[in-house]
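coords please:
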Amino acid sequence: MALRFVIIGGGPAGNQAATYAARLGASVTMIEREIVGGAAHLLDCIPSKTMISTGGAISFGQRISGMGLVDAATRVDGDALIRRIDGIRDHMRDDIERLLVSQGVDIVHGSAKFTGTHSVEVTSSTGTRSIEFDAALIATGTRPRIPQWCEPDGERILTTRDCYPPKVFPDKVTVIGSGVTGVEFVHMFASFGAEVALVVSRQQVLPGKDPEAAAILEDDFMRRGVRLLKGARATTIDRTDNGVIVRCDDGRNVESNLAVLAIGSVPNTEDLDLDAAGVIRDEAGYVPINHHCVTNQPHIYAAGDVSGKLPLSSVASVQGRKVAEHAMGLHTREHRHLDYDKAASAIFTEPEIADVGLAEAEAFALGRKIRVTKVPFATTPKALINNDPRGFVKIVSDPATGVVLGGSIVGQHAAELISVIALAVTANLTVTDIVESLLVHPALAEALAQAAE
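Residues are numbered from 1 along each chain as shown. Sure thing, here's the model as predicted:
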């Protein structure tokens, strides 16, 4: 009899687990209450990157005078942009649903909660049904965190998910939160011509990231007129006749049309009745897992953002595949566990920022001996050809063996270029392996080889 595998949540982790387990012979049921493909993925991540891409085209139009062309006046067609966002989202959702159906996955639209260690109850528009399972995956993701000192209204006080599709293109925006999501929103709104203020609770945007990378991003923000309120924490948001006033704990206030909250996420676990299944949550509501993504119940898994690991779609997808392998017994063969310290990540600002593996500051904090080499893109012909020499490539390696331990990239296409360093980190390649690779000329990737020398 085929393994009965129930998956709660249709995001990247759930999709990968469903399709792979179905191909391996499991009888798979996926339960999704919002949108197949994942709410955070299709209603937040993809729309934001679509708008950032459009904003990048505007920025490029502003740089073309340095490429021997006459300045281009770029005007945003709001309705066309909304159609573009909706079209990409719908295309991706339909592709995911077709793939799931083609693999024999039973998709159930509704909300699920556990009723025992081997059963869930699903409530939908057509009623309630019970589903028995041999193995289950919790992949319910997260949602934007809302602080106690304000209440989003979806009009002037927005969570990140309230921003898509854009109802208006505001003249003034205040972004609260200077992490990855916050700086992407600053970049996005600034690209569309808004006057942006960023409330930074610390003395550096992107706390925890490479200070040199953060400094380049701050310089770009300042060049574009972004107001940085460093060392300030928002304490309240008041609505006015024309917008909002964000009040900070140091007495500074910011007036704007909109305020956007980008201060983290919370896991979607409170409605699952995990106690009925005997599954433990931590104090923040996340579901702890081991290296196989197994919870404290040996037949129940958690993956994606809800697992409390790196909140990246790429990580969630690989977790989903690993869950399917374990549920179907493939982990008893040659099997490599996920190493979250080797996951590549990117920030889609301008310039882009990407990193992977051991960071320079982290190594120094640990007292670890490392070799750090850095090459600015200004020395790379392709960057000059593109009229965008901003940024650098930095590679961290072991001084004794030359093994690549990590790296960071700031500049055009950093999210693509970091893949080379990520592969080197994962496969334990050396700087010599990168140097002796016959790369394309002229290309931004040449900076990788230069930084490895």
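
can you tell me the SS state at the nearest residue to Ile245 once chain neighbours are set aside?
Sequence neighbours aside, Asp238 is the residue nearest to Ile245 in space, at 4.7 Å (criterion: Cβ to Cβ, 6 or more residues apart in numbering). Where C-beta positions appear, they are placed from N, C-alpha and C, glycine not excepted. Classification of Asp238 by DSSP: H, G, I helix; E, B strand; the rest coil places it in strand.

neighbouring contacts of stretch 145-152?
157-159, 162, 234-237, 261, 263-266 (Cβ atoms under 8 Å, 6 or more residues apart in numbering).

who wins on neighbours among the residues you listed?
Neighbour counts for those were taken using other Cβ atoms under 10 Å; the highest belongs to Leu261, with 25 neighbours.

wait, that one sits on Arg156?
No. With contact defined as Cβ atoms under 8 Å, Leu261 does not reach Arg156; the gap is 11.6 Å.

now do the shared contacts for those two.
When Cβ under 8 Å, 6+ apart defines a contact, no residue borders Leu261 and Arg156 alike.

wait, the residue nearest to Ile245 sits on Asn253?
No. Here Asp238 lies out of contact with Asn253, judged by Cβ under 8 Å, at a distance of 9.0 Å.

which neighbours do these two share?
Counting by Cβ under 8 Å, 6+ apart, the residues touching both Asp238 and Asn253 are 245, 247.

what's the first-to-last distance across stretch 146-165?
Length of stretch 146-165, first residue to last, Cα to Cα, to the nearest Å: 20 Å.

in that stretch, what's buried?
Going by neighbour count (16 or more other Cβ atoms under 10 Å), the buried part of stretch 146-165 is 150, 152, 156-165.

ok, now stretch 222-231?
Result for stretch 222-231 [16+ other Cβ under 10 Å]: buried residues 224, 226-229.

quick one: contacts of that stretch?
Contacts of stretch 222-231 (Cβ under 8 Å, 6+ apart): 186, 190, 195-205, 218, 221, 248, 250, 252, 254.

rerun that using 10 Å as the cut-off
Applying Cβ atoms under 10 Å, 6 or more residues apart in numbering, the contact partners of stretch 222-231 are 59, 172, 174-176, 178, 183, 186-187, 189-191, 193-205, 217-218, 220-221, 246, 248-250, 252-254, 256, 350.

between the two ends of that stretch, what distance do you get?
Terminal-residue distance, stretch 222-231 (Cα to Cα): 17 Å.

swap in stretch 383-396?
Per Cα to Cα, stretch 383-396 runs 22 Å from first to last residue.

state the mean pLDDT of that stretch.
The pLDDT scores in stretch 383-396 average 94.

follow-up on the earlier one: can you list the contacts of stretch 145-152 in TSV and add secondary structure and pLDDT?
As requested, the contacts of stretch 145-152 are arranged in TSV below (DSSP: H, G, I helix; E, B strand; the rest coil; pLDDT from 0 to 100):
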residue	secondary structure	pLDDT
Ile157	strand	96
Leu158	strand	95
Thr159	strand	94
Asp162	helix	91
Ala234	strand	97
Thr235	strand	97
Thr236	strand	97
Ile237	strand	97
Leu261	strand	97
Ile263	coil	94
Gly264	coil	92
Ser265	strand	95
Val266	strand	96
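
from those, which is closest to Gly278?
Val266 (22.4 Å; Cβ to Cβ).

across the sheet, point out what pairs with the closest one.
When assigned by DSSP bridges, Val266 has beta-bridge partners Arg143.

nearest to Gly357, out of the buried residues of stretch 146-165: which one, please.
So of the buried residues of stretch 146-165, ranked by how close each gets to Gly357 (Cβ to Cβ), first place is Thr160, at 27.6 Å.

list the buried residues for the worst-scoring helix or strand of the chain on mean pLDDT?
Within the chain, no helix or strand scores below helix 46-63, which has a mean of 86 by mean pLDDT, DSSP states H and E. Residues of helix 46-63 classed as buried: 46-52, 54-56, 58-60 (neighbour count, 16+ other Cβ under 10 Å).

much appreciated, bye for now.
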